[in-house]
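>>> here are the coordinates; sequence isn't available:
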Ligand SMILES: Nc1ncnc2c1ncn2[C@@H]1O[C@H](COP(=O)(O)OP(=O)(O)OP(=O)(O)O)[C@@H](O)[C@H]1O
């Protein structure tokens, strides 16, 4: 299926940050929401839930507050949204809408045409001049009508498929674009995760309805159902005239609407029961976590080692049973005598009364009775469909609001437009000055970093050392602008780091993370991804591999640079879809140290580029032997200097090997989330404090 390119004009403004959950005031029954996001969030609030929310995708209760929110969303974005979707495929969308209306008239025509045949048959038999020709003519007309109807149906279905397909592509494209734009602090927010989940459900609704979801393009079904109902009513009215028939008509309508009233009654009663409780929300969350744990490959070794299987299964089944008890269909929970009584049989008996009365009329024919019966049944069916569709549309409005709100999310680390400062390189590398930096991970009670103070001149080398959990990697993430800090200031090249656009800032850095990625692809791509612009340059990739002392390793692999690397199952999902994963294709596993060389080569792809001012390596050689480790640090030293020997890049590395730390110009000793000692190796040894003790213990 061909899809149009997503136009640049179809952009949603990125205009808000999600405020912390406890800062969200909630929306009272009468207050007007301030934005689509507010309306979306308010629709998920559980009554009396004290800040608890419906699970993502949970059916919104049909109440006054939600109706008002739905109206707000409809007024605020539905029309714009429909215009965007229409703009993707104007001709086909218009055709789809027209065909839906035309097709909604078919059932009434069908009934009418069948009535004609029955009447013709009746009169032919009654007149005792029965001939097959007339009947064959009528039957052929009916067959022709059905063939036309069938052709139109199949054309309409294939057209609808194209329209829904391009709409789905557009939504999915926008979603992926937005997901890639959002940064880690934004994506870590539970509300943002729920928003994105509902937005994904919205994309799925373009698969042609189902699962209680309705896309905005399906809203046309509401109108076509109304047209269908109107056409049935016109047909029924045309069959009846005078007060006698009017009475029959009223009785017919009453008996037709009876099931609807009853379904509304049980529907609104279900609604009250269906409002998910806090208990259900918690159980659902727990069930999902346990399910992910059970299916996760990365946790498999521990699950086996600690024999967690039974515990996971028991805990999951406990949570699952709670969720299922809320999902039980109405009939499973109906216990009253009225519920046990089969009302539908009574209703169909009532529906026969008007037919019997109609038979008393002298004008009644077998055909009119057939069409009457058919129209009434179709009317009931269409009414029922209308109710279900309306309920789905109600939910669809909120899923659409999730999509629209998610498109307006702004990455938390992006500076405001008027605060933005372009990054300018400084001779010699990046200079850094941190004052009073503190940071606490979301959901954590203890700060990971407290009052961090240090300065580094352009071109200097800093080694960060310290005990486990002392905050080294957290400080690295803050310096790399992957996470934000809560208090203090951090200047890079004399400018507040918060004023740089993170993407621009990142283009001046290269790094190896402690938990670096192992991509499920070839060696060439694993390395080349360090500088995607040069991913096709074999010589650049080979140079990076040489710098990381990985050339001998790559030469020993069966297909050299083209060797597909085997990664643990879960991690392979971190880079899906880049290459076709054939189960039979030969993949090659690597040792921990070999993977580390590949990660170093990836960092060297970028490190050597001019304009890259800061290299930050978090335990880059932890799995390497002593010889390889020395060679890597010599390479780093070489990269950081110009051919004439001047410093041109600032280097920060985190290490537990103090024999390598002493090579650095400055050393930061970290303890309990803060830098307790800072200076050169000699200065810290003279001080005879924590660093000196650690150094002596390690050599
Ligand atoms: N995602 C997280 N959420 C909450 N707390 C975290 C998270 N990551 C780290 N921490 C906590 O922050 C503190 C500092 O962790 P960090 O990883 O920075 O330590 P580290 O010095 O790099 O440790 P190591 O030497 O073991 O790598 C620890 O107490 C850790 O438990």
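Looks like it arrived, so ask away. Being a predicted model, the structure only gives us computed values, none of them experimental.
>>> where are the low-confidence patches of the stretch 101-250 of the chain?
128-131, 207-220, 239-250 (pLDDT under 70).
>>> could you pick out the residues of it near the ligand for me?
Proximity of the stretch 101-250 of the chain to the ligand, by Cβ under 6 Å from any ligand atom, involves no residues. To be clear about C-beta, it is placed using only N, CA and C from the backbone, and glycine gets the same treatment.
>>> residue in the stretch 101-250 of the chain nearest to the ligand?
residue 188 (8.1 Å; Cβ to the nearest ligand atom).
>>> what packs against the helix or strand where residue 84 lies?
Under the criterion of DSSP states H and E, residue 84 resides in helix 79-88. Helices and strands touching helix 79-88, by 3 or more Cβ pairs under 8 Å, 6 or more residues apart in numbering; DSSP states H and E, are helix 90-104, helix 132-181.
>>> the longest one - contacts with which helices or strands?
Using 3+ Cβ pairs under 8 Å, 6+ apart as the contact criterion, the elements in contact with helix 132-181 are helix 79-88, helix 90-104, helix 106-126, helix 190-204, helix 366-407.
>>> what comes up buried for the helix or strand where residue 634 lies?
Residue 634 belongs to helix 626-639 when assigned by DSSP H and E. By neighbour count on 16 or more other Cβ atoms under 10 Å, the buried set for helix 626-639 is 628-629, 631-633, 635-636, 639.
>>> please apply the same query to stretch 638-658.
So stretch 638-658, judged by 16+ other Cβ under 10 Å, has buried residues 639-640, 647-655, 657-658.
>>> that one: end-to-end distance?
Taking Cα to Cα, to the nearest Å, stretch 638-658 runs 21 Å from one end to the other.
>>> hmm, it in reach of the ligand?
No: judged by Cβ under 6 Å from any ligand atom, stretch 638-658 makes no contact with the ligand; its nearest approach is 6.7 Å.
>>> avg pLDDT for that stretch?
The average pLDDT for stretch 638-658 rounds to 88.
>>> how distant is that stretch from the center of its chain?
Here stretch 638-658 is found 41 Å from its chain centre; the criterion is Cα atoms, centre = their mean, to the nearest Å.
>>> stretch 622-633 now?
With Cα atoms, centre = their mean, you get 41 Å for stretch 622-633.
>>> averaged pLDDT, it. What do you get?
The model assigns stretch 622-633 a mean pLDDT of 80.
>>> how about residues contacting it?
Stretch 622-633 has contacts (Cβ atoms under 8 Å, 6 or more residues apart in numbering) with 548-549, 591-593, 595-597, 600, 620-621, 655-657, 660, 663.
>>> just the buried ones from those?
Counted by 16+ other Cβ under 10 Å, the contacts of stretch 622-633 give 548-549, 595-597, 600, 620-621, 655, 657, 660, 663 as buried.
>>> compile those into CSV and extend it with columns for secondary structure and distance to residue 61.
Listed next are the buried ones among the contacts of stretch 622-633 as CSV, based on DSSP: H, G, I helix; E, B strand; the rest coil; distance: Cβ to Cβ, whole Å:
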residue, secondary structure, distance to residue 61
548, coil, 58
549, coil, 63
595, helix, 51
596, helix, 53
597, helix, 57
600, helix, 55
620, coil, 54
621, coil, 58
655, coil, 56
657, coil, 60
660, helix, 61
663, coil, 65
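>>> pretty sure residue 664 is touching residue 653, no?
Yes: if you go by Cβ atoms under 8 Å, residue 664 and residue 653 touch, sitting 7.4 Å apart.
>>> quickly list what's touching both of those two.
The contact lists of residue 664 and residue 653 share 461-463, where a contact means Cβ under 8 Å, 6+ apart.
>>> is it possible to get JSON lines of these that adds distance to residue 472?
Shown next, in JSON lines, are these (distance: Cβ to Cβ, whole Å):
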{"residue": "461", "distance to residue 472": "16"}
{"residue": "462", "distance to residue 472": "11"}
{"residue": "463", "distance to residue 472": "10"}
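>>> re earlier: and the buried ones among the contacts of stretch 622-633, which two are the farthest apart?
By the measure Cβ to Cβ, 595 and 663 form the most distant pair in those, at 24.1 Å.
>>> nearest residue to residue 162 in space, ignoring adjacent ones along the chain?
In this structure, residue 162 finds its nearest non-sequential neighbour in residue 92, 5.8 Å apart by Cβ to Cβ, 6 or more residues apart in numbering.
>>> repeat for residue 589
In space, and not counting its chain neighbours, residue 589 is closest to residue 566: 4.4 Å by Cβ to Cβ, 6+ apart.
>>> can you tell me how far the one you found is from the ligand?
26 Å (Cβ to the nearest ligand atom, to the nearest Å).
>>> what's the answer for residue 311, then?
In terms of Cβ to the nearest ligand atom, residue 311 sits 23 Å off from the ligand.
>>> any idea which element that residue lies in?
Per DSSP H and E: helix 309-327 holds residue 311.
>>> centre of the chain to that helix, how far?
The answer for helix 309-327 is 25 Å, by Cα atoms, centre = their mean.
>>> residue 451 against residue 439, yeah?
No: look at residue 451 against residue 439 with Cβ under 8 Å: they stay out of range, at 10.7 Å.
>>> just the closest of the buried residues of helix 626-639 to residue 160, please.
residue 639 (57.7 Å).
>>> wait, what's in contact with that closest one?
Contacts of residue 639 by Cβ under 8 Å, 6+ apart are 547, 604, 607-608, 615, 649.
>>> likewise residue 664?
461-463, 651, 653, 681.
>>> do I have it right that residue 669 meets residue 687?
No: applying Cβ under 8 Å, one finds residue 669 not in contact with residue 687, separated by 9.5 Å.
>>> what ranges do the strands span in the stretch 451-600 of the chain?
461-466, 487-492, 495-496, 509-512, 564-565, 587-588 (DSSP state E, counting those that start in this stretch).
>>> the fifth one packs against which elements?
Spelled out, it's strand 564-565. strand 587-588.
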